[in-house]
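Q: Structure for the following, please:
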Amino acid sequence: MSLLLAVLGTKNVSPYNDCVFVNTNSDLQGMKGLEVARFNWVTYPCALVQWFNKVSDCADEDTGLWIVHPSVHDNGTPNFAIIHIDMVYHAAHLIPVYGPNFIADDIKYFHSYDAFHSFYVNKFADHHAFEIVS
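A: Below you'll find the model as predicted:
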């Protein structure tokens, strides 16, 4: 498995939180049996993750990529869960859905998951991701 990170920010370093595929239904193939989550904190053998929801039941017709957005409760608070690390299947790479507007000049890479509302699940990140998501 790849090295996955959830690093707290310090005075000189910004926080860094990897995204992962979580196996939620091994009876279904590909993305239909997986969910996407963002690591927020990891203490073996558990991880605190923020869930993402799939926008549709299939990949985007124009790009062929699945689109996800951060999951929130009815009151707007993020949907967090504690999962066993064994549920993590593979690292996931998300690409922001940029939209028609310009991106602020001061945005940093570590703001991406908080600055954008939806993301493409990048199946071209590596051959494993291609097999998992396709």
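Q: and the biggest helix by length in the chain, how far from the chain's centre?
A: Counting residues, the longest helix found in the chain (DSSP state H) is helix 127-133. What separates the centre of helix 127-133 from the centre of its chain is 15 Å, taken as CA atoms, centre = their mean, to the nearest Å.
Q: what do you get for stretch 38-54?
A: Worked out by CA atoms, centre = their mean, stretch 38-54 lies 10 Å from the chain centre.
Q: Of all the residues in that stretch, which ones are buried?
A: 38-40, 42, 47-52, 54 (16 or more other CB atoms under 10 Å). The C-beta positions use only the backbone N, C-alpha and C, and glycine is treated the same way.
Q: got it, and stretch 52-69?
A: Buried residues in stretch 52-69 (16+ other CB under 10 Å): 52, 54, 59, 65-68.
Q: Check these and tell me the two furthest apart.
A: Spatially, the most separated pair among the buried residues of stretch 52-69 is Phe52 and Ala59, at 14.8 Å (CB to CB).
Q: if I pick the closest residue to Val88 other than its chain neighbours, what's in contact with it?
A: Closest residue to Val88 apart from its sequence neighbours, by CB to CB, 6 or more residues apart in numbering: Val20 at 4.9 Å. Counting by CB atoms under 8 Å, 6 or more residues apart in numbering, Val20 touches 4, 36-39, 49, 88-92.
Q: what's the distance between Val20 and Ala81?
A: With distances taken as CB to CB, to the nearest Å, Val20 is found 12 Å from Ala81.
Q: Please enumerate the shared neighbours of those two.
A: 37, 49.
Q: In terms of pLDDT, where does the spatially most central residue of the chain sit?
A: Taking CA atoms, centre = their mean, the centroid of the chain lies closest to Cys19, which sits 4.0 Å from it. Note on Cys19: pLDDT of 90.
Q: Good, we can wrap up now.
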